[in-house]
Each structure stands twice: as C-alpha cells, then as structure tokens.
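In: Got a predicted structure here, sequence first:
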Amino acid sequence: MSRKRPLTSRGVQKLSERERQTGIEPDDTAAEWLAENDKQPPPQAPKSAMKSKALHQWRQQQQKKKKL
C-alpha cells in the first residue's frame, strides 16, 4: 500500500481556491469574514517583464561571437 504524497505549495493553493469557490453562501457570516480578511494576493508579474531587451541582445551577440 502506497502512502499519499505530501501537498506542495501549489497543491495547497489550488485546494484552498477550490474550497473558496464551493459551498459558501453569500449571506453566511463566515463567508463575509473570509471575503474581508482573506484577500487574494496580487498576481505575480511575469519574469519576462523584469528582463531587459538589452540583456537578450547582448546574449545573442555573445553567441554569434562564439560561432565565429
């Protein structure tokens, strides 16, 4: 018999999101408290937004120099 794998942080996020979406009535006091105090974190900016175009151009130039 195999054991269940431990939850990853992504798994916990998905599970809590599913729990938030199901079974909560809008007039429930617990649902109101959760809506006020358990805010969703803002979405993370993509990594590509942090990388500069100049960095990519520099890397391409370096690769061209190696080929020659």
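Out: Yep, it's here. Since this is a predicted model, take the numbers as computed values, not measurements. Numbers count the residues shown, from 1 in each chain.

In: where do the helices sit along the chain?
Out: 9-21, 29-37, 47-50, 53-67 (DSSP state H).

In: now these as CSV including distance to residue 3 and mean pLDDT?
Out: (Glycine included, C-beta is placed from N, CA and C.) Formatted as CSV, the helices of the chain follow (distance: least, CB to CB, whole Å; pLDDT from 0 to 100):
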stretch, distance to residue 3, mean pLDDT
helix 9-21, 15, 83
helix 29-37, 32, 79
helix 47-50, 35, 70
helix 53-67, 44, 87
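
In: could those helices go into CSV alongside mean neighbour count?
Out: Rendered in CSV, the data for the helices of the chain read as follows (neighbours: other CB atoms under 10 Å):
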stretch, mean neighbour count
helix 9-21, 10
helix 29-37, 10
helix 47-50, 7
helix 53-67, 9
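
In: These into a markdown table, with extra columns for distance to residue 2?
Out: Formatted as a markdown table, those follow (distance: least, CB to CB, whole Å):
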| stretch | distance to residue 2 |
| --- | --- |
| helix 9-21 | 17 |
| helix 29-37 | 35 |
| helix 47-50 | 36 |
| helix 53-67 | 45 |
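
In: Contacts only, for residue 38.
Out: Counting by CB atoms under 8 Å, 6 or more residues apart in numbering, residue 38 makes contact with residue 20.

In: how near is it to residue 11?
Out: 18 Å (CB to CB, to the nearest Å).
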